[in-house]
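Novice: need a 3D model of the sequence below.
(4 chains)
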Amino acid sequence: MDLSYGSVYETFRAEVRAFLQEHGHEAPTNQRDYRSEKALAWQEQLIKQGYTARTIPKKYGGFGAEPDILKTRIIADEFAAAKVTSGIGGQGIAMLVPTLLELGSEAQRCEIIPPTLRGELFWCQGYSEPDAGSDLASLRTNAYLDGDEWVINGSKIWTSSAHFADWMFCLVRTEPDAPKHDGISFLLFRMDTPGIDVRPLHDMTETRNFNEVFFTDVRVPAGQMVGERGQGWRVANTILGHERELLGDPNVALTRLNNLIQLMRTETIDGRRVIDMPVFRDRVMRIQGKVMAMRFNDLRLLSAKINQQSAPLARMIVKLQGTELRHELEKLAIDVMGEFGLAYGDNEYLRGDGLWQWNYMYYLGLIIGGGTSQIQKNIISERGLNMPKEPRVQAKAGNA
Amino acid sequence: MDLSYGSVYETFRAEVRAFLQEHGHEAPTNQRDYRSEKALAWQEQLIKQGYTARTIPKKYGGFGAEPDILKTRIIADEFAAAKVTSGIGGQGIAMLVPTLLELGSEAQRCEIIPPTLRGELFWCQGYSEPDAGSDLASLRTNAYLDGDEWVINGSKIWTSSAHFADWMFCLVRTEPDAPKHDGISFLLFRMDTPGIDVRPLHDMTETRNFNEVFFTDVRVPAGQMVGERGQGWRVANTILGHERELLGDPNVALTRLNNLIQLMRTETIDGRRVIDMPVFRDRVMRIQGKVMAMRFNDLRLLSAKINQQSAPLARMIVKLQGTELRHELEKLAIDVMGEFGLAYGDNEYLRGDGLWQWNYMYYLGLIIGGGTSQIQKNIISERGLNMPKEPRVQAKAGNA
Amino acid sequence: MDFGLSEEQMALQDSINRYLDGQAGLEQLRRFVKDGDCRHVWDGLIELGVGSLLLPEADGGLGLAILDAALVAECLGAHVTPTPFIGSAVIAPLALRHVDPGLRSKFLSPLCDGTITAGVALSELAGARGQAEVTATDSKLSGQSLFVLDPRADIVLVATNTRALYLVEAGADGLQQLVHTTIDRTRSSGEIRLDNTPAQLISADPAVAENLLDIARVMLVADTLGAAQHMLNAAVAYAKERKQFNRVIGSFQAVKHMCAEMAAELEPCRAMMWYAAYALDELPHEARLTACHAKAHVAEAGTFVARTATEVHGGVGFTDLLGLHYWFKRIGFNRQALGAPELVREEAVKLQEAMA
Amino acid sequence: MDFGLSEEQMALQDSINRYLDGQAGLEQLRRFVKDGDCRHVWDGLIELGVGSLLLPEADGGLGLAILDAALVAECLGAHVTPTPFIGSAVIAPLALRHVDPGLRSKFLSPLCDGTITAGVALSELAGARGQAEVTATDSKLSGQSLFVLDPRADIVLVATNTRALYLVEAGADGLQQLVHTTIDRTRSSGEIRLDNTPAQLISADPAVAENLLDIARVMLVADTLGAAQHMLNAAVAYAKERKQFNRVIGSFQAVKHMCAEMAAELEPCRAMMWYAAYALDELPHEARLTACHAKAHVAEAGTFVARTATEVHGGVGFTDLLGLHYWFKRIGFNRQALGAPELVREEAVKLQEAMA
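Specialist: Below is the predicted model:
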């Protein structure tokens, strides 16, 4: 056990810090600004420095470095500490690019990856459907081949950036007679293709987090399929697991915890600071303990990745524990604020931009989404603890 | 809504109190003393007064009063308040006698009920089996008819007073080829019948709470069956539901809560009373709120019984919530005592006779026993909320 | 001995529920929320007699008990109905019992017939946030009261730092009545600011204001009970319909157990609400403690139900599709308003000699 | 960067586990408990080098780290092994680093070779119960220390009311060493009473006693981790075998989710234990806070696992049949010993400027 990174890495960290000190002000201040001149210029500089798209080959517009988990972590940590955006995010760069690198054709890689990395093509993901839910593979949006075009009909839901994305990567059923996991294909298409209708999905946070997308005879060139017909489930799953881990980032939880402690120092009840009230103090200490445990668990996962060891249970529990922890943390903040914790929207007494309430609800959404807690527990018990699957109920058996 | 009992009942309450004041000292001091001269004399007096066996017909040795739920409650409340035992308990009087009144033959009633009420016959219950568990109806202890005798082989578990009971009422499988619920019969027999072997079942409390009972060719006269062959499951279920409610008695919880508050007033940490520590205080207030809710729920059930209204959900949740509440309450007491809460057996620092630790473990046993919390939740969802049953798995399907 | 609802009480709930089902369903609710105007539904409730529930029969009212008012509050919670009920139909009429007949009649009939509404500014009794405080000098009030229910009402009942109770009228000198946005769009809440504002003293006895605080809390308890029961019912109904993996999700043990746990938490809350409301009329020595515990306990149970019912609904629970979040947020509002669980549990400590 | 166990560390755990599997299985455990004599298993552990784990290599020891000792504690917890490990192999050898070589050598080799054992009387540092207090005057100790681990050991490390650390020897004037029965029959604990008892000062610096308290706590954390992991493993194994309603119970979603919840709570505790132990050697500025949080958090997770694993076992979990209660009680003991969760969380508050 050795938690020091070693001098090579400390040098690298110093370089990142120096860069941030010198250039940090050039970054867009809004973390979600992916479109402005400033954002595109910043992205270009980050790729040049190897601080984003670091391991993507040069020929596809990346930096072309060898994978180095610690350097990747150092970049993430330092950008987070400096509160500087680490470039254009979104599911295109996080999910589609790695998928194409592994399973795309050379033509797809060359055409799609470079403009995606540059931020010129922004992507949304079309997986979930209203009637599928946790049973994602039962999706029904279908496509049939008409000449050299796929014709898509159906709808998607929970499509987070559909209203400003240029393209979508999408799962559609192309082999209606195959078993459900084998009948799905992975298609790419422009969002301005005729027949696509994007409608906001109103949710409890009152902000536009998700959309519904409806397809009516949407025609897509046949060459825009990734992988073979019927292999879409496998293509999607190449990187789905990765997404789940992201939901439990303990560094974000730590930041929120520190904000919560600050909040407790300023909120008062009958003139007494909340931080001086033992009952609330005990609650926040419980959460601090949990955040610590998740941070150390994350450190263990990082180390396992570097040293190519496996820690499957430690990995599988991250989404379940991480989202629960955040929900609990944001909930405590609301209790700390009492009636001020109800403030929302344009309320002049809003604390912390209303993010406490927003996160409290949004994390309930995350507990549900990306594999509900119930599904997570199934996975942990079956894959992590090797417990038997539930007896299967046959389709249309109607025994329910 | 009217929580007063009315003058008739208040007169009755005054009579009970007067009796207790005058005669309370004649009661055995040990609540579990069912065998002494004193206990038998006390029982006789209680029947005479109508304070036990109140509604059992006179011809079977009872008091012969009309059912009056409020009077029954007043008796229970006043005896509890005076900390005087309300007579001989146990499963014979609580469960077998009502069963015989409903389903026994006249001969069985006349022979068995009077000495049972007098305390001369003490009973144990032979339902549970090691391999059956929550699936009680899958019991395997069997009996075959040999002439005019049933011959029993098998074993029972969780038999709480087998080591001092005179008789057992017992479920045995007599129709091996019938569906599992239809193959069971209800037999009565003496515990000194040859072939019965009673062994203590050691449990985590280190006290003798339960036994295992083994049967080897135990011969029982055929006339000692209650109900018909194969009807045993129905006979047993006549009163099983009743037992579950008993486990969540909110008056006992209230007594324990008050003891806990006293404990908090005397225990100190660094010279400070635990009751002055807000974190513990908040925990005990939470529990006080829960005890209140359960007391009021109990009042609702009492009222519903009197007024012949139904409150099925309020009844179904009692065992689940009541046992959880007790476990939580006793657990808080242990945390209040800290290391003193670990004391057990002959430890000179034992608080409250070690009952806190004992109850903490025993109530975990009760959460598990008498229908585990998992089974309770199945019942609440299926019978209380009309949710569908789980798809059944066929015997020996092996899909698990 | 009868600890249950009478036929009259059940009929009262039926009639309110029937009216709300027809006039305050989800579609109407969305309109109220959008327009910020719930006048119409309040008028209808007034026609049903809700305004004169607690008025003695001698004064032409229905002469009903706190419990009856709580039963109405339960219906309002079940329908997340936006109304000035707590102030106008409960707190103000009860407060006016303490004043002379002249003053009483000035406000009572317009309250009963819905001509005016009343707001409630008692939250500082439960613990003042920030600098909020109202002081009285010669029947003039100054300062600020936060978290006022229906701050724009025609009259507002205000508690001062000495726990005296006053009445101020809209339009009075130096009075500002501000509505602030909260998560719960079905409630009008905000603050009042006072600057030497003329006010009517209702009572200088702290017991009066405290009793009204207890009553308002029990109304919130009933509101949460109704809202949580709705969420549980909705979750059970959804679980029986929604299919996943070729089964209705209500046949999965995990979903069944979530519903069973909600029922197990919620069911005793019903008896607790009844008892707390009954005690306010009939068992004065128990009333304060019971109100505190009911406020805390039902808030915790409600929070659990709100979250779990949303989970049972899956993604749909998170969206606006079934409007489930209105109930979620109403329960969240009731939790914090007039004393969050930690605070009222600490009040419960102070009410008990055994805890000293 | 390497946050994981080395091959040597895994080998260390393997060898201890193999030994304990053979020499301290359930049957032997029942005998230890009955006879109150675990000498034999401690001798075996001494032979494996457990006594000299923390002794510098220069002194003929293994020169290992606190983490290595914690890994051994984890094995002992997994087997609920009754040993004087914490005092004899961890606290006493580390305490003796603070004294002069003469005194050190007098106790160190007999500790290493198992000739003598050491007890730990530090519990008053975590909060004194009742009248317990030890005072020092001219190197004589008087008073009482409660909840001593291995009170009948040959030497006992004692903290005083000024947080100074002393060593007393069995048989010293005025010393009484009493064992008291607790729920955990696999631990020897009790009290010492002192009356002008001659004692060796180890250090008057409170930091020394406090550091040893932290270390002892992390040993308890590791012990709980091992015990809880055993209970989880046992529950999963039982659920895969036990049949009810024609299915193994491990195929019921409720049982699966109970096991998943245990794993989800417990798994991060492993990393937390590693980090807390590592910090004691390498990250002194984080060590106290991490030890407090690990003590509290792992105790809570352990309590949850102990209860849930028992439930998964159904009635069998309540009985002595599989001896599961030994683990349940050990986890319960570790929760209260040297600072229950509420107390160490309050200590954690005091360690942080941000919380002031």
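
Novice: next, see if stretch C:64-73 gets close to chain B.
Specialist: Yes - counting by Cβ under 8 Å from any Cβ of the partner chain, chain B has neighbours in stretch C:64-73: C:L67. Every residue, glycine included, has its C-beta placed from N, CA and C.

Novice: ok, residues contacting that stretch?
Specialist: Residues from elsewhere that reach stretch C:64-73 (Cβ atoms under 8 Å, 6 or more residues apart in numbering or on different chains): B:1, C:5, C:9, C:12-13, C:16, C:50, C:53-54, C:62, C:85-86, C:89-90, C:215, C:218-223, C:226, C:273-274, C:277-278, C:280-281.

Novice: can you map out the helices along the stretch 101-250 of chain A?
Specialist: Listed from the start of the chain, the stretch 101-250 of chain A has helices (DSSP state H, counting those that start in this stretch) covering A:106-118, A:232-246, A:250-266.

Novice: got the CA positions of the lengthiest strand in chain A in CSV?
Specialist: What stands out as the longest strand in chain A, according to DSSP state E, is strand A:210-221. Output in CSV follows, covering the C-alpha atoms of strand A:210-221 (Å, rounded to 0.1, in the frame of the first residue of the first chain):
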residue,chain,number,x,y,z
PHE,A,210,-34.9,15.2,-20.4
ASN,A,211,-36.9,14.9,-23.6
GLU,A,212,-39.1,12.5,-25.4
VAL,A,213,-38.2,11.9,-29.0
PHE,A,214,-40.7,10.6,-31.6
PHE,A,215,-39.8,9.0,-34.9
THR,A,216,-42.1,8.9,-37.8
ASP,A,217,-40.7,7.2,-40.9
VAL,A,218,-37.2,8.6,-40.2
ARG,A,219,-34.9,7.5,-43.0
VAL,A,220,-31.3,6.8,-42.2
PRO,A,221,-28.6,5.6,-44.7
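
Novice: before we move on, the earlier item: can you list the helices of the stretch 101-250 of chain A in TSV and add distance to A:V291 and mean neighbour count?
Specialist: Output for the helices of the stretch 101-250 of chain A, formatted as TSV (distance: least, Cβ to Cβ, whole Å; neighbours: other Cβ atoms under 10 Å in any protein chain shown):
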stretch	distance to A:V291	mean neighbour count
helix A:106-118	33	18
helix A:232-246	16	17
helix A:250-266	5	18
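
Novice: among those helices, which comes closest to C:T186?
Specialist: With Cβ to Cβ, the closest approach to C:T186 among these belongs to helix A:250-266: 26.7 Å.

Novice: tell me if that closest one is near chain B.
Specialist: No - using Cβ under 8 Å from any Cβ, helix A:250-266 stays clear of chain B, coming no nearer than 14.9 Å.

Novice: need the contact partners of that helix.
Specialist: So helix A:250-266 is in contact with A:77, A:80, A:273-275, A:280-281, A:284, A:287-288, A:291, A:294-295, A:297-298, A:322, A:325-326, A:329-330, A:332-333, A:336-337, A:351-352, A:356, A:359, D:354-355, going by Cβ under 8 Å, 6+ apart.

Novice: can we see that at 6 Å?
Specialist: Applying Cβ atoms under 6 Å, 6 or more residues apart in numbering or on different chains, the contact partners of helix A:250-266 are A:80, A:274-275, A:291, A:294-295, A:298, A:325-326, A:329, A:333, A:336, D:354.

Novice: after the helix or strand where C:A11 lies comes which helix or strand?
Specialist: Element membership of C:A11 [criterion: DSSP states H and E] is helix C:7-23. Next in sequence after helix C:7-23, counting helices and strands by DSSP H and E, comes helix C:26-35.

Novice: go ahead and measure how far that next one is from the middle of the chain.
Specialist: Relative to its parent chain, helix C:26-35 has a centroid offset of 19 Å by Cα atoms, centre = their mean, to the nearest Å.

Novice: would you mind giving the helices of the stretch 101-250 of chain A as JSON lines with distance to C:C292 and mean pLDDT added?
Specialist: Formatted as JSON lines, the helices of the stretch 101-250 of chain A follow (distance: least, Cβ to Cβ, whole Å; pLDDT from 0 to 100):
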{"stretch": "helix A:106-118", "distance to C:C292": "59", "mean pLDDT": "96"}
{"stretch": "helix A:232-246", "distance to C:C292": "42", "mean pLDDT": "72"}
{"stretch": "helix A:250-266", "distance to C:C292": "24", "mean pLDDT": "93"}
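
Novice: what about the strands in chain C?
Specialist: So, for chain C - with DSSP E - the strands run C:118-121, C:133-137, C:140-149, C:155-159, C:165-169, C:176-179, C:189-198, C:200-203, C:243-244, C:247-248.

Novice: so which of those strands is nearest B:T205?
Specialist: Minimum separation from B:T205 across those (Cβ to Cβ) falls at strand C:247-248, 41.3 Å.

Novice: what mean pLDDT does that closest one have?
Specialist: The pLDDT scores in strand C:247-248 average 92.

Novice: close to chain D, is it?
Specialist: No - with Cβ under 6 Å from any Cβ of the partner chain as the criterion, chain D is not reached by strand C:247-248; the gap is at least 11.5 Å.

Novice: hmm, back to that, buried set for the longest strand of chain A?
Specialist: A:210-215, A:218-220 (16 or more other Cβ atoms under 10 Å in any protein chain shown).

Novice: list the helices and strands that strand packs on?
Specialist: Under the contact criterion of 3 or more Cβ pairs under 6 Å, 6 or more residues apart in numbering or on different chains; DSSP states H and E, strand A:210-221 touches strand A:149-157, strand A:196-201.

Novice: quick one, it and strand A:149-157 angle?
Specialist: Between strand A:210-221 and strand A:149-157, the angle comes out at 180 degrees (axes from the mean of the first three to the mean of the last three Cα atoms, to 10 degrees).

Novice: so where's the stretch 101-250 of chain A uncertain?
Specialist: A:240-248 (pLDDT under 70).

Novice: residue of it with the smallest distance to chain D?
Specialist: Nearest residue of the stretch 101-250 of chain A to chain D (Cβ to the nearest Cβ) works out as A:P250 at 9.5 Å.

Novice: how far away is that residue from D:P93?
Specialist: 35 Å (Cβ to Cβ, to the nearest Å).

Novice: ditto for A:P57
Specialist: 55 Å.

Novice: which one's more surrounded, the two?
Specialist: Using other Cβ atoms under 10 Å in any protein chain shown as the criterion, A:P57 and D:P93 rank with D:P93 on top: 25 against 14.

Novice: next one, pLDDT for that one please.
Specialist: At D:P93, pLDDT is 96.

Novice: would you agree it is in contact with D:L54?
Specialist: Yes - at 4.9 Å, D:P93 counts as touching D:L54 under the criterion of Cβ atoms under 6 Å.

Novice: which residues does whatever residue of the stretch 151-300 of chain C ends up closest to chain D contact?
Specialist: Nearest residue of the stretch 151-300 of chain C to chain D (Cβ to the nearest Cβ) works out as C:Q253 at 3.9 Å. Contacts here follow Cβ under 6 Å, 6+ apart; on that basis C:Q253 touches B:390, D:253-254.
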